[in-house]
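**Student:** sequence? don't have it. structure:
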């Protein structure tokens, strides 16, 4: 941790300190500030890291909340580290999959948590071990159990590493849309081990890579260059490249969150590609089209809106499309397996867009590139016709 590593000013403003193999990024939120630790082997050091948290010297009770897949892979490692550090450790799991991030699963997990013996108290801590679904649901359980207890994110997917685990958004899905029930509840720490990505199912890296591309478009175009130049090493799970990729993205995400914790302003930039993307996900019943695929299509659609408004030129769209294709992410519906008609039905998608949680009086909020990739602005005046044209462009 004594070797310096060069970063652009944007990547270094959030307390990122470095060695080649272990990086930390500070999310600066005054009394709610916390550190994101990134490094190979950290999955087996969770207990040790938690004992170093301010106010956690008396270890007490720790409860891992995970899903049925991750439980078999990493729960024993984390349980062992917690017990070795002196915690009374338990675990609760639920069926894996976005379709289980709902009020029914929340109720089952919460009842299991409150039924533990000895009972949890407000000094207990929850460890969210898994991908974005686990982090969202376990974080929401932590936010609401006993009116709020501490939790730590230990993400196991690239999507959670670079996005979902950072920023304190917790929640569950409703039948009318994603993440419509939830709360802002910041973790006490985030612990990321890039080596666990090797166990991801085929195609899952794309979910996180779509968010990495998003970060480049909204904040730092040099990240796009890094992704394109290192795509092969990313897919071969090169630990050093993955540590660098995750650290760069966490630095961007943490800077945005620190500037706007509750999404009153620029944090909305993180929704680039998500307005139409979430509609595509919802129309597919959460699971038919993956998050990364949906966001990829949503980013391309947003760029079409921006180009039609003369905010960017055709070359910007082509640049984005080139990077997405290199990552095996779709740029049009034809890049996906055949889908039910409702997934790309314009009217059906517009219904979901109007119910987006960031809409105001049914008017959706769009984040659009402005002038170049690497800079975006917020627009609340995108018309139904503009949205229709953008979705139609995905069908060509």
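**Tutor:** Structure received. These figures come from a predicted structure and were not determined experimentally.
**Student:** how far away is residue 350 from residue 364?
**Tutor:** 9 Å (C-beta to C-beta, to the nearest Å). Where C-beta positions appear, they are placed from N, C-alpha and C, glycine not excepted.
**Student:** show me the common contact partners of the two, please.
**Tutor:** residue 387 (C-beta atoms under 8 Å, 6 or more residues apart in numbering).
**Student:** ok, these two, which is more surrounded?
**Tutor:** Neighbour count, other C-beta atoms under 10 Å: between residue 350 and residue 364, residue 364 has more, with 22 against 17.
**Student:** what residues are up against the more buried one?
**Tutor:** 275, 353, 354, 356, 358, 382, 387.
**Student:** next: residue 33.
**Tutor:** By C-beta under 8 Å, 6+ apart, the residues touching residue 33 are 26, 27.
**Student:** in the stretch 51-200 of the chain, which spans are helices?
**Tutor:** 68-70, 76-84, 103-114, 132-144, 158-159 (DSSP state H, counting those that start in this stretch).
**Student:** residue 338: which of the ones you listed is closest?
**Tutor:** Residue 338 lies closest to helix 158-159 among the helices of the stretch 51-200 of the chain, at 24.9 Å (C-beta to C-beta).
**Student:** quick one: contacts of that closest one?
**Tutor:** 131-132, 197, 200, 204-205, 207-212, 242, 246, 291-292.
**Student:** pull out the buried positions in whichever helix in the chain runs longest.
**Tutor:** Across the chain, the longest stretch assigned as helix under DSSP state H is helix 239-259. Within helix 239-259, the residues scored as buried using 16 or more other C-beta atoms under 10 Å are 239, 241-258.
**Student:** mind giving me the packing neighbours of it?
**Tutor:** helix 9-12, strand 22-27, strand 34-39, strand 189-192, helix 205-218, helix 221-229, helix 231-235 (3 or more C-beta pairs under 8 Å, 6 or more residues apart in numbering; DSSP states H and E).
**Student:** hmm, back to that, which one of the helices of the stretch 51-200 of the chain is the most hemmed in?
**Tutor:** Most buried of those by mean neighbour count (mean count of other C-beta atoms under 10 Å) is helix 158-159; its value is a mean of 28.
**Student:** for that helix, what is the average pLDDT?
**Tutor:** Mean pLDDT, computed over helix 158-159, is 96.
**Student:** go on, stretch 248-266?
**Tutor:** 91.
**Student:** stretch 140-154 now?
**Tutor:** 97.
**Student:** for the nearest residue to residue 105 once chain neighbours are set aside, which residues make a bridge with it?
**Tutor:** Spatially, and ignoring its direct neighbours in sequence, residue 105 is nearest to residue 94 (5.0 Å; C-beta to C-beta, 6 or more residues apart in numbering). The partner list for residue 94 in beta bridges (DSSP bridges) reads residue 67.
**Student:** correct me if wrong: residue 94 contacts residue 71.
**Tutor:** No. Residue 94 is not in contact with residue 71 according to C-beta atoms under 8 Å; the separation is 9.4 Å.
**Student:** any weak-confidence spans in the stretch 1-150 of the chain?
**Tutor:** The stretch 1-150 of the chain contains residues with pLDDT under 70 at 1-20, 56-58.
**Student:** give me that answer again for 50
**Tutor:** 1-18 (pLDDT under 50).
**Student:** domain ranges for this structure, per the record?
**Tutor:** As assigned by automatic domain parsing, the chain contains the domains 9-199, 272-393.
**Student:** compare these and give me the one nearest residue 217.
**Tutor:** Closest among the domains of the chain, using C-beta to C-beta: domain 272-393, at 5.2 Å.
**Student:** how far off centre is the closest one?
**Tutor:** Chain-centre distance of domain 272-393: 18 Å, with C-alpha atoms, centre = their mean, to the nearest Å.
**Student:** tell me the mean pLDDT for that domain?
**Tutor:** 91.
**Student:** got the end-to-end distance for that domain?
**Tutor:** End-to-end distance of domain 272-393 (C-alpha to C-alpha, to the nearest Å): 17 Å.
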